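**Q** sequence and predicted structure below; questions after.
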There are 2 protein chains.
Amino acid sequence: MCLLREREREMKAVGVRALNFRLNQFGETRKRFLRSFSTLMSPPSKAIVYEQHGSPDSVTRLVNLPPVEVRDNDVCVKMIAAPINPSDINRIEGVYPVRPPVPAVGGYEGVGEVYAVGSKVNALSPGDWVIPSPPSSGTWQTYVVKEESVWHKIDKSCPIEYASTITVNPLTALRMLEDFVSLASGDSMVQNGATSIVGQCVIQLARLRGISTINIIRDRAGSDEARENLKALGADQVFSESQLNVKNVKSLLGELPEPALGFNCVGGNAASLVLKFLRERGTMVTYGGMSKKPITVSTTSFIFKDLALKGFWLQNWLSLGKVKECREMIDYLLGLARDGKLQYETELAPFDEFPVALDKALGKVGRQPKQVITF
Amino acid sequence: MCLLREREREMKAVGVRALNFRLNQFGETRKRFLRSFSTLMSPPSKAIVYEQHGSPDSVTRLVNLPPVEVRDNDVCVKMIAAPINPSDINRIEGVYPVRPPVPAVGGYEGVGEVYAVGSKVNALSPGDWVIPSPPSSGTWQTYVVKEESVWHKIDKSCPIEYASTITVNPLTALRMLEDFVSLASGDSMVQNGATSIVGQCVIQLARLRGISTINIIRDRAGSDEARENLKALGADQVFSESQLNVKNVKSLLGELPEPALGFNCVGGNAASLVLKFLRERGTMVTYGGMSKKPITVSTTSFIFKDLALKGFWLQNWLSLGKVKECREMIDYLLGLARDGKLQYETELAPFDEFPVALDKALGKVGRQPKQVITF
């Protein structure tokens, strides 16, 4: 904290809280400056900021943000790594239903090291590794200041590429397996978009529970390799969409029981295929729409097959306020990742090459692993 | 029973049970005839029979069925009235997932008077009015013989057009209001196909519970009259589909709260309109598909609006074996019908004019009330 105080004195500009910063509002900042010289302040932060919604590669820019006050209950975290998730892109595009007001710092999850703590913070100390849990916006910056309650201390044994990405995709996979249909060892489930990180996590988490997975992937160059990769993770069956262009997809199940649970993150034909695999009274959970096509369902699927269609949005679940439950699951997932039981591909990208990583995340240079920014 | 025995002696042919009869199998019937002269037999029955699946107006015919044995636990019922329901037509067409093996007698519900009872039947006596409850196939005939357990004795105060039609459509409406979303007085619900009998029952049953209804009807000649009729039944809002061709249908709700429950029996655009009215976390229940168009749903409806889509099929509910619960509801509904609190339009048609009634039920002569055959 001494370091911080020294830095503080060196500051020429003083800041407002990251999510409320208003660039060039020097009148406001001067008032704060005058208030107290002893106020604990963060270091200045380099941040990926968007001032309006639009295509992320045109509306985001690197900004040097002035220090912000670290209040009594706040913790200042020096970010270590943060991913570029599809939902981050949607937030910047302005198509996400819940999004921070602009201007805003990008990013929604990540891992960092505690840099300084406010006077009333007891449970965290400088040097601790923490993640915002539930996830919280504004992680694409070098220093984040948020209330102590936002931060969850984690074990340092988990690689940063997992620690920084555990709270969105793996947690989605885990919640979806838990929340909709009670599956037991020996049961099966079906999903499309199986090569997505959620899809890969579903395969591995299901396998740990003795649940078989039927996986649907797109027809594309490299789908044989994708199939083998998924099988190496524990997938029982992997079909490309064209392989399922048969009269009765269930004839392809082999020894597997008909699934009572399906996950859809694609829409269109790929969603219809999930529905075809489901057994009577089965449930399909939609959590994404990568094809941008709607889901079409026959009347008889509802009446005679008695299927139920539902949706999952992690943010809805998180809004239920189950912080403790959430963090227990995070620790469970981090443990799996540490032990190599939960794997998915990521690529670390240095912060100063953010535009390159963003282009990869936007799919401009073909299929790429999830981009994880390191600070 | 004396009457029956006399008739029995007059018989030239003797019969097998209605649902297993095989026409012209005189060898079998002769064996039965020889077995016992004291066997209690039904009168011969005139029945609407189909020997193969197909268009009801070409595959059904009136057949004189030989008497069938009334066994110890059986009850022989002289039918009074039975409706032609859309599901009856689907069964004959062979497009219904559960259907009796052919040849079969049509019909699935109705009301009749006990004509004779087997020696072990105690709870029913000749002259009682009964309905098959749960409903049971083969009601389009003058005499039906089924086990005592099939029959539910009803009060004779309910008009036959209601007594004969209460177990399918009104019960569907009641179950759907009970089974999916817990609504309280002051809440609202939305439905399409509101002019259907289920739709009309929904309006009235909801109103009795203080629940407002938002009703969607087709654009067609006479839709103004249909609107007024539904309002007379208690509908709060009635919109034709074209009236809902606006950006935000909820702006049309006026004072009504957003509905958490929707019923769909149409599909296509009419189903999408129900979804648009639903509030976050709402549920749409599909119980029919009159437009023969599928239901199309956006990904965001599932994820961000958290809608759930389910189906209802009365037969599924009935298969749960809740006979007592079912009959209590039937009595409740019959009481409402008797008191004029549950109304819908029917047209009584004499049995010997069945082909005319069938044509009306098939929609060949424009929109017609539900046809109820009287025997």
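**A** Structure received. Numbering: from 1, shown residues only, chains lettered A, B, ... in the order given.
**Q** residue A:255: which element?
**A** For residue A:255, there is no host helix or strand (DSSP states H and E).
**Q** now do residue A:327
**A** Element membership for residue A:327 (DSSP H and E) is helix A:323-338.
**Q** and that helix, how far out from the chain middle?
**A** Per C-alpha atoms, centre = their mean, to the nearest Å, the displacement of helix A:323-338 from the mean C-alpha position of its chain is 14 Å.
**Q** how about the nearest residue to residue A:334, chain neighbours excluded?
**A** Spatial nearest neighbour of residue A:334, excluding adjacent residues (C-beta to C-beta, 6 or more residues apart in numbering or on different chains): residue A:158 at 4.6 Å. From N, CA and C alone the C-beta is placed, and that goes for glycine too.
**Q** separation between the spatially closest residue to residue A:371 that is not a sequence neighbour and residue B:128?
**A** Nearest non-adjacent residue to residue A:371, counting by C-beta to C-beta, 6+ apart: residue A:357, 4.1 Å away. Separation of residue A:357 from residue B:128 (C-beta to C-beta, to the nearest Å) stands at 80 Å.
**Q** out of the two, which sits in the busier spot?
**A** When neighbours are counted by other C-beta atoms under 10 Å in any protein chain shown, residue A:357 and residue B:128 differ, and residue A:357 comes out ahead with 22 against 18.
**Q** so who does that one touch?
**A** Going by C-beta atoms under 8 Å, 6 or more residues apart in numbering or on different chains, residue A:357 touches A:84, A:347, A:349, A:371, A:373.
**Q** try residue A:344
**A** A:165, A:169, A:197, A:200-201, A:370.
**Q** can you tell me the element it falls in?
**A** Residue A:344 belongs to no helix or strand when assigned by DSSP H and E.
**Q** helices of the stretch 101-250 of chain A, start to end?
**A** Under the criterion DSSP state H, counting those that start in this stretch, helices of the stretch 101-250 of chain A are mapped to A:160-163, A:169-179, A:197-208, A:223-233.
**Q** select, out of the ones you listed, the one closest to chain B.
**A** helix A:169-179 (10.9 Å; C-beta to the nearest C-beta).
**Q** circling back: against residue B:116, how distant is the residue nearest to residue A:371?
**A** 85 Å.
**Q** run through the bridge partners of the nearest residue to residue A:191 once chain neighbours are set aside.
**A** Distance criterion C-beta to C-beta, 6+ apart; nearest residue to residue A:191, sequence neighbours excluded, is residue A:263 at 4.0 Å. Beta-bridge partners for residue A:263, by DSSP bridges, are residue A:191, residue A:285.
**Q** in contact with the residue in the stretch 1-150 of chain A positioned nearest to chain B, which residues?
**A** Nearest to chain B in the stretch 1-150 of chain A, going by C-beta to the nearest C-beta, is residue A:97, at a distance of 4.4 Å. Contacts here follow C-beta under 8 Å, 6+ apart; on that basis residue A:97 touches B:300, B:304.
**Q** look at it and report its pLDDT.
**A** Looking at residue A:97, its pLDDT is 82.
**Q** checking it next. Helix, strand or coil?
**A** coil (DSSP: H, G, I helix; E, B strand; the rest coil).
**Q** lowest-pLDDT helix or strand in chain A?
**A** One helix or strand of chain A scores below all others by mean pLDDT, DSSP states H and E: helix A:2-10, with a mean of 40.
**Q** buried ones among the contacts of residue A:357?
**A** A:84, A:349, A:371, A:373 (16 or more other C-beta atoms under 10 Å in any protein chain shown).
**Q** hang on, the third one packs against residue A:347?
**A** By that I understand residue A:371. Yes. Contact criterion C-beta atoms under 8 Å: residue A:371 and residue A:347 qualify, at 5.7 Å.
**Q** shared neighbours, the two?
**A** Joint contacts of residue A:371 and residue A:347 (C-beta under 8 Å, 6+ apart) are A:357, A:360.
**Q** now for the longest strand along chain A, which elements pack on it?
**A** If you go by DSSP state E, chain A has its longest strand at strand A:74-83. Packing partners of strand A:74-83 (3 or more C-beta pairs under 8 Å, 6 or more residues apart in numbering or on different chains; DSSP states H and E): strand A:111-117, strand A:129-132, strand A:143-147, helix A:160-163, strand A:370-374.
**Q** chain center to it: distance?
**A** For strand A:74-83, the distance to the chain centre is 16 Å (C-alpha atoms, centre = their mean).
**Q** direction included, what does that strand pair up with?
**A** Applying DSSP bridges, strand A:74-83 is found paired with strand A:111-117 (antiparallel), strand A:143-147 (antiparallel), strand A:370-374 (antiparallel).
**Q** how about the residues of the stretch 1-150 of chain A that lie near chain B?
**A** residue A:97 (C-beta under 8 Å from any C-beta of the partner chain).
**Q** let me fix that: the stretch 151-300 of chain A
**A** So far as C-beta under 8 Å from any C-beta goes, the stretch 151-300 of chain A lies against chain B at A:267, A:285-289, A:294-300.
**Q** pull the most distant pair out of those residues.
**A** A:288 and A:300 (25.9 Å; C-beta to C-beta).
**Q** between those two, who's got more neighbours?
**A** Between residue A:288 and residue A:300, residue A:288 has the larger neighbour count (other C-beta under 10 Å), namely 24 against 16.
**Q** for that one, give me its contacts.
**A** Here residue A:288 is in contact with A:86, A:193, A:196, A:198, A:264-266, B:299, B:303 (C-beta under 8 Å, 6+ apart).
**Q** list the residues that contact the spatially most central residue of chain A.
**A** Geometric centre of chain A, nearest residue: residue A:168, 2.9 Å, by C-alpha atoms, centre = their mean. For residue A:168, the contacting residues are A:83, A:85, A:87, A:108-109, A:135, A:314, by C-beta under 8 Å, 6+ apart.
**Q** what's the closest of the residues you listed to residue B:326?
**A** Of the contacts of residue A:168, the one sitting nearest to residue B:326 (C-beta to C-beta) turns out to be residue A:314, at 41.1 Å.
**Q** and the closest one, how far from residue A:372?
**A** Counting by C-beta to C-beta - residue A:314 and residue A:372 are separated by 19 Å.
**Q** compare the two (neighbour count), which wins?
**A** The neighbour count for residue A:314 versus residue A:372, taken as other C-beta under 10 Å, is higher for residue A:372 (24 against 21).
**Q** can you dump the C-alpha coordinates of the strand or helix carrying residue A:273 into PDB?
**A** According to DSSP H and E, residue A:273 maps onto helix A:268-277. What follows is helix A:268-277, C-alpha atoms only, in PDB (Å, rounded to 0.1, in the frame of the first residue of the first chain):
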ATOM      1  CA  GLY A 268     -31.700 -24.000 -37.500                       C
ATOM      2  CA  ASN A 269     -31.200 -27.600 -38.800                       C
ATOM      3  CA  ALA A 270     -28.700 -28.400 -36.000                       C
ATOM      4  CA  ALA A 271     -31.400 -27.600 -33.400                       C
ATOM      5  CA  SER A 272     -33.900 -29.800 -35.300                       C
ATOM      6  CA  LEU A 273     -31.300 -32.700 -35.100                       C
ATOM      7  CA  VAL A 274     -31.000 -32.400 -31.400                       C
ATOM      8  CA  LEU A 275     -34.800 -32.600 -31.200                       C
ATOM      9  CA  LYS A 276     -34.900 -35.700 -33.400                       C
ATOM     10  CA  PHE A 277     -32.500 -37.500 -31.000                       C
END
